[in-house]
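[1] When you get a sec, could you give me coordinates for this:
(chains A and B)
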Amino acid sequence: MNSNPAATPQTDDVPSGGAPRAPRRRAQRSSSSLLAYGEPMLWLTGGALTICLVMIIGLLALIFHQGITTFWPAPLVQITTLEDRTFMGEVTREETFAPAATVFTQLAPEVAQQARRTVAANDGTAHRRLVRIGNFELTGDHFNWFSDFMIRDERRPDWAVTVERLSWGRFYGFPAAFLVDGAVVADTPAEVWERYEAHHNEIRKRWRQRRHLETHAIGKLNRQEEKARLEMRTALLQHGPDAARYAAALERLETVQRRSQIETARLREQINALNTENSRYQLRLVTADGQEKNLALEEIVRAFPANRLSLLEKTSIYLSRWWEFFSDDPREANSEGGVFPAIFGTVVMTLVMSLAVVPFGVLAALYLREYAKAGPLISAVRIAINNLAGVPSIVFGVFGLGFFCYFVGGTIDQLFFSAKLPSPTYGTGGILWASLTLALLTLPVVIVATEEALAAVPGSMREGSYACGASKWQTIKRIVLPRAMPGIMTGMILAMARGAGEVAPLMLVGAVKLAPELPVDTIFPFLHPERSFMHLGFHIFDLGFQSQNSEAAKPMVFTTTLLLIVIIASLNLGAVLLRNRLRKKFISGVF
Amino acid sequence: MQSKQLFKGILAGLAVILMVTVPAVAQMVDPDLKGYTPVSGVSGSIKSVGSDSMNNEMTLWAEGFLSFYPNVQIEIEGKGSSTAPVALIAGTAQFGPMSRAMKAKEIDDFEKRYGYKPTALRTSIDMLAVYVNKDNPIQGLSLQQLDAIFSKGRRGGATKDIRTWGDLGLTGEWANAPISLYGRNAASGTYGFFKENALFGGDYKDEVKEQPGSSSVVQGVARDKFGIGYSGIGYRTADVRVVALSPTADGTPVEASPENAYTGEYPLARFLYVYINHRPGSQLDPLRREFVRYIFSRQGQEDVVKDGYYPVPALIAEEDLATVGIQ
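    Coordinates of the predicted model:
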């Protein structure tokens, strides 16, 4: 690496004052020569990139690994402890530890002795596993630690069944009987299972049919009633209690109520018929410690004999769990079921935010770059915009809450939704306010990126346009904007990535723990910008810090994070593709 | 302290009725509670703002309620009990779940705005549990010891500050290990309740690591071998152990079990409230009426059990339903 002195350009060494001494000169020469070759900088830049890559890949690998393995069906182990208690469940985590002496003093003497011996034989350390034992309504626990020295017997029973239920979490047991109308029709595991598989699908179909009746048919009646009630309230507020209009509205409300009561009764009958049909079928399971439990088939989301599955069956369960995760509403305080409302909320919010921020930002940047005369005022504006990018996002959240929700929303409520007061309609957090708040947050990104893109359009092109007699706006529209479009799109991509990943301000302006009603649906007027929404980022926070069953929620945190990353990546990818199309169009349009 | 006496009084009476051995969690719900029957014409939106400890509980109720009325919109926000009175007064929420009773100041503020007091519904029973890591050998603590561990002033009467596990009599590697403290943030009702009842109104030490949620206290203690923290009993996991507590310095420690919650022997048992804005003597609108009815129905109280808390007996349910004019 040490260079030949002759190769070093002498002119670089000319000092600015006084003649430097010889040794120092040599040192300078050699260092500058090294720099001139560029080797150290190559290593420095390469090293920085490597560290970045390692961090990114490490984080992604962790999330991918944890997120992808969550839904793979685990085998069931049955454990009998030295104290003769039997448990069954899935192993979720293991660790090695050094049991303290006090661990043994709580045990029965002979058990303690045996346990001590095992641990002593193992240099004083022991191994333990965290097992998801489920059956919460019977045991009061979801998980339990088992130290190896406490285990007498361990096996994987052939007919152990994992049951995922609509409520109470998982159930582990052995199929004991299949009941129709309370009578046992099958009592060997294989037969019971055959029956279960024969009936489960149709029962779930009936269950979905029931949900549909409840959501759509009865919902429609309820909404009609609510509408009539609000009209009555409006009439009361506007015309007073003695007016004829109020009396008419009241009468209409009563008619609607009567009609809807009859209709509801009819629908309830249908629902009841479905329910009765469904409740005929039950599955009786015996837990590892011998307790019997009847589960209604309707309550079962998914059940499988975990130790008998082939690879293909495992894969199909894995995929069906992913599908449930994508497409279902959350259950059990968000710790189970899917995250569809959160996916939907995140995507809609990000798109509405882009719709708000891009035109606004581009127009502002156009004025700054094309129309405004450079001067202290414009510099000050630029500095202000750059500073805006550094304002903590929670400050934007507070601003959004105060300005959008309370001021703008409150005013809208006063003017248009006074019948619903004191329940706020727009005067509280909602997806529109959240999108606008994030639009403000990402505005500097769009303005700066657009300005850069506009500045990169060569002056000669503008001059050419003017020379042809085009006006300023014509030049901007025909020449400058198309050319700058890819750069503007880059700004939009950056803004979307920033906005979709932001959580703190959303907690103030509309992201909530549970909001299964989507902001866009089939109910007039289809768009409901005032509704609160669920957001994947907030969902992650909620799962990680607030869930009651935090052990079970942990893998869901990783899965949800994985999903959020994938969604942001695909939104970005979409924007990149769009940008590339525009680039191509521009190139072919000119030449 | 007065409310605690009241609590004990009510529960001691009920304990006689309820003192049966509890075979399975699901059977804890009082069989006298009525099952929920849906009515027609319920629609609109519900917003709940308040306790973080009751966040999951509210969500479970909401999910249960939605299974009867799928079109109702329910939004739940849980950032701490102190946010509930503010939201109720401003009218931004119809329900204010709180893990402590409202303070006199909060009730006054409400009364100033509306001319009557907010209505408290006692929806479930919680035991504020003191958690340590699963490997911690400690057997029991007295409230005085807890006070000496968590507070600056030691108003409970402990003579000496407790800083290491050795100060509590543990030996071996524990003897010199400093106690690492986990607690809740000041907006939380759990924070207030613990301060009032375990610290005798004293101030927390500065070393307490304030956590944003009930679950994160438990997770903190799960990860920190020398940690100790307090949180609702519903958030217990396999990674932590609940310490038995004794109300006096020389009393026998009382396990945090359902029986001890109902008898009132466990010193940190409390009601979990839902506050609503109800003008005395008036009728609730259908939506709120049905939600309240759901909370006090058998299904609603099963949800309480699901979340790890303890259901209220039918007597309390009837009493509280009567205060809002529901038969």
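[2] All the strands of chain B, in order from the start?
    In order along the chain, chain B carries the following strands (DSSP state E): B:45-50, B:73-78, B:95-98, B:119-133, B:140-142, B:180-184, B:209-211, B:227-232, B:240-242, B:244-246, B:269-276, B:310-311.
[3] Out of those strands, the one nearest A:L237 is which?
    If you check each of the strands of chain B against A:L237 by CB to CB, strand B:45-50 wins as the nearest, at 19.4 Å. (C-beta placed from N, C-alpha, C; glycine too.)
[4] sorry, back to before: name the stretch from the strands of chain B that approaches chain A most closely.
    Counting by CB to the nearest CB, chain A lies closest to strand B:73-78 out of the strands of chain B; the figure is 4.5 Å.
[5] still on that earlier bit, same list, the strands of chain B, but as CSV with distance to chain A and mean pLDDT please.
    Converted to CSV, those look like this (distance: least, CB to the nearest CB, whole Å; pLDDT from 0 to 100):
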stretch, distance to chain A, mean pLDDT
strand B:45-50, 7, 87
strand B:73-78, 4, 82
strand B:95-98, 12, 93
strand B:119-133, 11, 92
strand B:140-142, 13, 89
strand B:180-184, 11, 93
strand B:209-211, 8, 90
strand B:227-232, 9, 92
strand B:240-242, 10, 92
strand B:244-246, 13, 91
strand B:269-276, 13, 92
strand B:310-311, 11, 90
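[6] so which of these comes closest to B:A322?
    Across the strands of chain B (criterion: CB to CB), the nearest stretch is strand B:119-133, sitting at 11.0 Å.
[7] Could you tell me the angle between that closest one and strand B:180-184?
    160 degrees (axes from the mean of the first three to the mean of the last three CA atoms, to 10 degrees).
[8] Who does strand B:119-133 pair with, and is each partner parallel or antiparallel?
    Next to strand B:119-133 in the sheet, as set by DSSP bridges, lie strand B:227-232 (antiparallel), strand B:240-242 (antiparallel), strand B:269-276 (antiparallel), strand B:310-311 (antiparallel).
[9] Just name the most buried of those.
    Stretch with highest mean neighbour count among these: strand B:227-232 (a mean of 28; mean count of other CB atoms under 10 Å in any protein chain shown).
[10] still on that earlier bit, quick one, which of the strands of chain B gets closest to A:H528.
    For the strands of chain B, distance to A:H528 was read as CB to CB. The smallest value, 9.1 Å, belongs to strand B:73-78.
[11] Remind me what that closest one packs against, helices and strands.
    In this structure, strand B:73-78 makes packing contacts with strand B:45-50, helix B:55-68, judged by 3 or more CB pairs under 8 Å, 6 or more residues apart in numbering or on different chains; DSSP states H and E.
[12] 10 Å instead, please
    strand B:45-50, helix B:55-68, helix B:83-90, strand B:95-98 (3 or more CB pairs under 10 Å, 6 or more residues apart in numbering or on different chains; DSSP states H and E).
[13] Paired strands for it, with orientation please.
    Taking DSSP bridges as the criterion, strand B:73-78 forms sheet pairs with strand B:45-50 (parallel).
[14] picking that back up, so which of the helices and strands packed on strand B:73-78 comes closest to A:R308?
    Relative to A:R308, the nearest member of these by CB to CB is helix B:55-68, separated by 32.6 Å.
[15] what's the domain layout of chain A?
    As assigned by automatic domain parsing, chain A contains the domains A:1-44, A:62-172+A:300-327, A:183-279, A:340-590.
[16] and those, which is most packed in?
    When neighbours are counted by mean count of other CB under 10 Å, the highest per-stretch mean among the domains of chain A falls to domain A:340-590, a mean of 19.
[17] chain center to that one, what's the gap?
    Relative to its parent chain, domain A:340-590 has a centroid offset of 18 Å by CA atoms, centre = their mean, to the nearest Å.
[18] I'd like the average pLDDT over it.
    The average of the pLDDT scores along domain A:340-590 is 87.
[19] Over to stretch A:239-254?
    Across stretch A:239-254, pLDDT averages out at 85.
[20] who touches that stretch?
    The list of residues contacting stretch A:239-254 from outside it, by CB atoms under 10 Å, 6 or more residues apart in numbering or on different chains, reads A:225, A:227-238.
[21] hang on, the earlier thing: can I get the helices and strands packed on strand B:73-78 in TSV including distance to A:T428 and mean neighbour count?
    Compiled in TSV, the helices and strands packed on strand B:73-78 are given as follows (distance: least, CB to CB, whole Å; neighbours: other CB atoms under 10 Å in any protein chain shown):
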stretch	distance to A:T428	mean neighbour count
strand B:45-50	7	25
helix B:55-68	17	25
helix B:83-90	9	22
strand B:95-98	14	27
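[22] Same list, the ones you listed, but as TSV with distance to B:V240 please.
    Formatted as TSV, the entries for the helices and strands packed on strand B:73-78 read as follows, by distance: least, CB to CB, whole Å:
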stretch	distance to B:V240
strand B:45-50	25
helix B:55-68	17
helix B:83-90	27
strand B:95-98	24
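[23] Chain B next: which of the contacts of stretch A:239-254 are close?
    Restricting the contacts of stretch A:239-254 to those within reach of chain B (CB under 10 Å from any CB of the partner chain) leaves A:E225, A:K227, A:A228, A:R229, A:L230.
[24] Checking A:E251 next. Helix, strand or coil?
    With DSSP: H, G, I helix; E, B strand; the rest coil as the basis, the three-state label of A:E251 is helix.
[25] could you pull out the strands for the stretch 301-450 of chain A?
    Listed in chain order, the strands of the stretch 301-450 of chain A (DSSP state E, counting those that start in this stretch) span residues A:330-331, A:336-337.
[26] Would you mind finding the most buried of these?
    Scoring the strands of the stretch 301-450 of chain A by mean neighbour count under mean count of other CB under 10 Å gives strand A:330-331 as the most buried, with a mean of 22.
[27] Good, we can wrap up now.
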